[in-house]
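> have a look at this prediction, sequence included:
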Amino acid sequence: MKCLLVFYSRTGITKKIAELISTEMNCEYEEIIDTKKRKGRFFGFIKSGFAATREKLTIIKKIQKDPKLYDVVILGTPIWNKRMTPAIRTYITENKNRFKSVAFFCTMGGKGGPETFESMTKLCEKTPVSTLAIIRKDIKNELHRDEIKNFSLQFTS
Ligand SMILES: Cc1cc2nc3c(=O)[nH]c(=O)nc-3n(C[C@H](O)[C@H](O)[C@H](O)COP(=O)(O)O)c2cc1C
């Protein structure tokens with residue numbers, strides 16, 4: 001099964017998980033870059049959280065890989081205010097017609113996984129073949145490695 005892992009990360013946690021998944025699955029990946037300023041307390045927390053709550057789109061850098069060439073697109077996002085990030089919302093909106101099937105993963109403090117996966121399902125107009133929610137505490141306790149192994153196993157064929 002040919003998989004493409006697509007993710008957005010503001011502070012590196014989702015990126016770290018994406019790298020572990022892509023190593024485990026030996027799949028290609030694409031990092032989505034949001035052209036909007038998201039660093040710092042004001043832009044990072046308040047404005048970004050507000051944009052997520054309002055379900056805003058953003059402008060992302062041109063993508064390099066065509067999702068149509070893959071059997072599954074695995075979409076990864078941090079959770080902001082119990083929602084997907086504007087960067088992933090934008091990627092899905094612009095590319096969903098090119099998805100054959102999807103899987104989702106997210107990283108978070110601990111709240112909003114089911115709500116986020118539900119809205120990603122609606123936006124993709126596809127039920128994910130698998131989902132993985134990684135809580136920061138799990139990373140601290142090294143539990144994420146087994147979670148990633150179990151998730152990745154579902155794509156071996
Ligand atoms: C604006 C903002 C809103 C957030 N809202 C939530 C939330 O609703 N639930 C949660 O569990 N974590 C929330 N978090 C924490 C992030 O989801 C978590 O730290 C994530 O792993 C960061 O990923 P990154 O390093 O890839 O950017 C929020 C973080 C930010 C910056």
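Noted; the coordinates are in hand. Because the structure is predicted, anything quoted here is derived from the model rather than measured. Residues are numbered from 1 along each chain as shown.
> now do the SS call for Tyr29.
Classification of Tyr29 using DSSP: H, G, I helix; E, B strand; the rest coil returns strand.
> would you mark the buried spots in the host helix or strand of Glu118?
Using DSSP states H and E, Glu118 falls within helix 113-124. Residues Gly113, Thr116, Phe117, Ser119, Met120, Leu123, Cys124 are the ones in helix 113-124 that count as buried (16 or more other C-beta atoms under 10 Å). No exception for glycine: its C-beta is placed from N, CA and C like everyone else's.
> how near is the residue nearest to Met84 when sequence neighbours are not counted to Thr131?
Leaving aside its sequence neighbours, Met84 sits nearest to Thr77 (C-beta to C-beta, 6 or more residues apart in numbering; 4.7 Å). Using C-beta to C-beta, to the nearest Å, we find Thr77 at a distance of 12 Å from Thr131.
> neighbour-wise, which of those two wins?
Neighbour totals were compared for Thr77 and Thr131, and Thr77 leads with 29 against 20 (other C-beta atoms under 10 Å).
> give the contact list for the more buried one.
By C-beta atoms under 8 Å, 6 or more residues apart in numbering, the contact set of Thr77 is Phe7, Tyr8, Thr14, Met84, Thr85, Ala87, Ile88, Phe104, Cys106, Thr116, Met120.
> where does it fall, secondary structure wise?
Element membership of Thr77, judged by DSSP H and E, is strand 72-78.
> what helix or strand does the closest residue in space to Lys47 that isn't next to it in sequence sit in?
Excluding its sequence neighbours, the residue lying closest to Lys47 (C-beta to C-beta, 6+ apart) is Arg38, at 7.9 Å. According to DSSP H and E, Arg38 maps onto no helix or strand at all.
> residue closest to the middle of this protein?
Nearest residue to the geometric centre of the chain (C-alpha atoms, centre = their mean): Gly76, 1.3 Å.
> how close does that residue get to the ligand?
In this view, Gly76 and the ligand are 8 Å apart by C-beta to the nearest ligand atom, to the nearest Å.
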